[in-house]
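**Q** the sequence and its predicted three-dimensional model are supplied below.
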2 protein chains.
Amino acid sequence: MVTDIENHEVVEKARRAKEAARQLARLNSKERQTLLHAMADALLAAESETLAANEKDVARVKASGTASAFIDRLMLTPKRIADMAAGLRQVAALPDTLGEVVRAWRLANGLDMAQVRVPLGVVAVIYEGRPNVTADVIGLCIKTGNAAVLRGSSDAIESNKVIAGVMAEAAEKAGMPSGAIQLIHDTDRSSARQLMRLNGLIDCLIPRGGKGLIQAAVQNATVPVIETGIGVCHVYVDADADLDKALPIVINAKVQRPSVCNAMETLLVHKDVADKFLPAAGSALAEHGVKLIGCPRTCSVLPAAQPATEDDWYAEYLDLILSIRVVDSAAEAIEHIGKYGSHHSDAIITENYSIARRFTSEVDSAAVYVNASTRFTDGFEFGFGAEIGISTQKLHARGPMGLTELTTTKYIVQGDGQVRG
Amino acid sequence: MVTDIENHEVVEKARRAKEAARQLARLNSKERQTLLHAMADALLAAESETLAANEKDVARVKASGTASAFIDRLMLTPKRIADMAAGLRQVAALPDTLGEVVRAWRLANGLDMAQVRVPLGVVAVIYEGRPNVTADVIGLCIKTGNAAVLRGSSDAIESNKVIAGVMAEAAEKAGMPSGAIQLIHDTDRSSARQLMRLNGLIDCLIPRGGKGLIQAAVQNATVPVIETGIGVCHVYVDADADLDKALPIVINAKVQRPSVCNAMETLLVHKDVADKFLPAAGSALAEHGVKLIGCPRTCSVLPAAQPATEDDWYAEYLDLILSIRVVDSAAEAIEHIGKYGSHHSDAIITENYSIARRFTSEVDSAAVYVNASTRFTDGFEFGFGAEIGISTQKLHARGPMGLTELTTTKYIVQGDGQVRG
């Protein structure tokens, strides 16, 4: 199946993962739990080794003059290593999804049909930045019976090598089929491209990172991809909004963690409440250091706001920047969200029953909120106990992806000699 | 989002479909049923127009010297048109999947969560051959609230134009948003390629046809694709098989309709029963005109069999040809299926409980059978009441795809002012 081999490391590791995946699928839930605890123990035992590798990454990245916020995310501490281990134990404790009978029925001819949840096989993840993602992804894949092929970024390569190496070794000692955890050491762009084209070896590719990475995967992958994470999220403050609810939601959606995909990027305000709401929101946002960008009507109410360009409405700032537009109606807000949004998470603030119902029905996003912050779109907040990413496509998974989204199903059909007439 | 525009017809029609999809999603179940009946009525009323167009297609294809089996599939008759109309009414009568609450729960902070079934948006189907697929696909898409963009083959273009035109006109008169049904008139390969790359306009692409078409979609599409239909299906006759069940199943799986993806291509026989089973099976298959190809052990038992090459084990003959291999164990059969199969449909014939359980657990195929023919892998046989294709990938859908597989979900989150802490 693999036709254009450019990178032997990637192809060889994917082959080994595929081979291991078949054996991994045979482990029962308790055996997989044992692997997760063994990996958690090993991470704690390898603390000094991990910190030493991480120091090399941090030193190299510092020397290249990278921003300190990035270095903070890259840096490991004993606390962060303990958190990784604790995360693995939490995943181990989650209810198992494999073997679940999604539906079962009997046909008129006596065939017994069952749709049963099984692993995907080999899950590949291409990711940027933080080394704790390495432990997270391995834990989620092993929990769901999938072999994992990881391609992290060059910034964290030394840390990733130690983390993946320690985890794989411990898991294999505890009974994991050899080869089920594969870290690609080559962090050149070509290794990611190769991974995207291994049909027959990779059952699912999840890119986790910025827009560039995700678009590269969508444009270049021939293996099935789950598009994740781009969030141009909106909060619409309706004419019938309770402004005492609207203000804390708007602040929370913008400033609680502006760098993530479920943070609000555009505020839409109904014209009837703009004069009252915008000055209060504008000063509260300014207090939090938010730079405001607005349509002409917004700028006339908030002189501090900069005029918005067409590009601003499409922008995912991931920063303390907010574009604001005054709209004439809920319908106009819905239109705006449909045109400029990324179908990730959008909220309406209203006390009006019919308008709330219309908004939830007509806004075509993975998560649609009434009177709550968009920041809740998250596997942990949703109660899934885990998250491998947030899908912004419509096939397979939409919104936060937990354990179930790392599985597929098969039909098991039991008969006693049936043939088709 | 659309960057490389090569074919204006395709881009423009996809844009119109996307626009219509938003309005289509607002229709309720009864309104969509009305559209399906209006389209069925119109197909019947346009019988002579449709037959006239079909005559042109048939004459053109006949003149090009195409095989008569293909022409038979292309040809419409009053009966076939009536069947298309009846098919639409059957789909209309199926239970609606939209609006289904897949799960709903309340978070500790009081947020009410619901995962609700909604349309995909715009479904594109690239298909070959038979014009009745046009009516089928339109019916399934409209039933599930999706706009449809159809790209049929040049062979059926005149028939497809009339069928899609008549159906779109009737549906629009009955309340369907204008533009929700789009047939691409350009049947050049470049129009298919363009359709494969309309990210932001096409939510799901389903190729229906031969291996060439499906591989072209997998290799070239940047929109989410569902890989369908390649079937290298196996029947494994175990040492503990009831040979009285095995023989009719083997005959049925091979000869009942050899040209379809769920027909058996390779028969695996345990060595302990080969001497007894193969002569009986071989002569029964020969009576049905099946050409036999075999491994050395098969050829020694069945002198009429031709020696198999390595390529034969990968082959999807779609014809009265069968490759046969004698294996030493169920494990070897499972290995063979994993290596050479297409993960579509595979069967074991056995009375042995543990071997049956091992086979269903370890064979990683969309449908795994015990003591039944692989020919049952079909949306109608499974009881779904419809089928848009059979997925051989693991994301989104696996096996026969009915109405549910033409939908996605979204989360609706209702609160009263919740913000994230």
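**A** Perfect, I can see it now.

**Q** run the chain-centre distance for the longest strand belonging to chain A.
**A** When chain A is parsed with DSSP state E, its longest strand is strand A:407-418. On the basis of CA atoms, centre = their mean, to the nearest Å, strand A:407-418 sits 32 Å off its chain's mean C-alpha point.

**Q** is chain B contacted by it?
**A** Yes. Applying CB under 8 Å from any CB of the partner chain, one finds strand A:407-418 touching chain B at A:408-418. Yep, even glycine has a C-beta here, placed from its N, CA and C like the rest.

**Q** list buried members of those by neighbour count.
**A** Buried members of these, counted by 16 or more other CB atoms under 10 Å in any protein chain shown: A:408-415, A:417-418.

**Q** max pairwise distance over the residues you listed: which two?
**A** Of all pairs drawn from those, the widest gap by CB to CB lies between A:408 and A:417 and measures 28.8 Å.

**Q** pull out the buried positions in the helix or strand bottoming out on mean pLDDT in chain A.
**A** Taking mean pLDDT, DSSP states H and E as the measure, the helix or strand of chain A with the lowest value is helix A:68-74, at a mean of 86. Using 16+ other CB under 10 Å as the test for burial, helix A:68-74 gives residue A:74.

**Q** could you list every helix and strand that that helix packs against?
**A** Applying 3 or more CB pairs under 8 Å, 6 or more residues apart in numbering or on different chains; DSSP states H and E, one finds that helix A:68-74 contacts helix A:47-63.

**Q** circling back to that earlier point, list the helices and strands the longest strand of chain A packs on?
**A** Counting contacts by 3+ CB pairs under 8 Å, 6+ apart, strand A:407-418 packs against strand A:112-119, helix B:243-255, helix B:353-362, strand B:367-372.

**Q** list the neighbouring strands of that strand plus their orientation.
**A** According to DSSP bridges, strand A:407-418 forms sheet pairs with strand A:112-119 (antiparallel), strand B:367-372 (parallel).

**Q** what residues are up against the residue in the stretch 101-250 of chain A positioned nearest to chain B?
**A** Here the residue of the stretch 101-250 of chain A nearest chain B is residue A:245; by CB to the nearest CB that distance is 3.9 Å. Contact analysis of residue A:245 by CB atoms under 8 Å, 6 or more residues apart in numbering or on different chains lists A:349, A:371, B:416-417.

**Q** one more time with 10 Å
**A** Contacts for residue A:245 (CB atoms under 10 Å, 6 or more residues apart in numbering or on different chains) come out as A:237, A:349-351, A:371-372, B:415-419.

**Q** and residue A:195, by the same measure?
**A** A:7, A:10-11, A:13-14, A:124-126, A:149-151, A:184, A:201-202, A:205, A:207, A:217, A:220-221, A:223.

**Q** same question for residue A:406.
**A** A:97-98, A:119-120, A:123, A:137, A:140-141, A:143-146, A:204, A:206, A:386, A:388, A:397.

**Q** which members of those residues occur in helices, if any?
**A** Judged by DSSP state H, the contacts of residue A:406 include A:137, A:140-141, A:143 as members of helices.

**Q** for the residues of strand A:407-418 next to chain B, work out which two are farthest apart.
**A** It's A:408 and A:417 that sit farthest apart of those, by CB to CB, at 28.8 Å.

**Q** returning to that earlier point: mean pLDDT and distance to residue A:297 for the helices and strands packed on strand A:407-418 - can I get that in TSV?
**A** Putting the helices and strands packed on strand A:407-418 into TSV (pLDDT from 0 to 100; distance: least, CB to CB, whole Å) gives the following:
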stretch	mean pLDDT	distance to residue A:297
strand A:112-119	98	51
helix B:243-255	98	69
helix B:353-362	97	63
strand B:367-372	98	58
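
**Q** from the ones you listed, which stretch is densest packed?
**A** Greatest average neighbour count among the helices and strands packed on strand A:407-418 goes to strand B:367-372 (a mean of 26), per mean count of other CB atoms under 10 Å in any protein chain shown.

**Q** that strand to helix B:243-255, inter-axis angle?
**A** Angle, strand B:367-372 to helix B:243-255, by axes from the mean of the first three to the mean of the last three CA atoms, to 10 degrees: 130 degrees.

**Q** can you give me the helices in the stretch 101-250 of chain A?
**A** Residue ranges of the helices in the stretch 101-250 of chain A, as given by DSSP state H, counting those that start in this stretch, are A:132-143, A:157-173, A:189-195, A:211-220, A:243-255.

**Q** out of these, which gets nearest to residue A:27?
**A** So among the helices of the stretch 101-250 of chain A, helix A:132-143 is nearest, using CB to CB, at 8.9 Å.

**Q** quick one: that closest one near chain B?
**A** No. On the criterion CB under 10 Å from any CB of the partner chain, helix A:132-143 is out of touch with chain B, staying 14.1 Å away.

**Q** what packs against that helix?
**A** When contacts are defined as 3 or more CB pairs under 10 Å, 6 or more residues apart in numbering or on different chains; DSSP states H and E, helix A:132-143 sits against helix A:8-24, helix A:29-45, helix A:78-93, strand A:122-127, strand A:147-151, helix A:157-173, strand A:181-183, strand A:204-208.

**Q** run the last query once more with 6 Å
**A** Where contact means 3 or more CB pairs under 6 Å, 6 or more residues apart in numbering or on different chains; DSSP states H and E, helix A:132-143 is packed against helix A:29-45, helix A:78-93, strand A:122-127, helix A:157-173.

**Q** buried ones in it, by neighbour count?
**A** A:132-143.

**Q** want to throw these into CSV with pLDDT?
**A** Formatted as CSV, the buried residues of helix A:132-143 follow (pLDDT from 0 to 100):
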residue, pLDDT
A:132, 94
A:133, 94
A:134, 97
A:135, 97
A:136, 96
A:137, 97
A:138, 98
A:139, 97
A:140, 97
A:141, 98
A:142, 98
A:143, 98
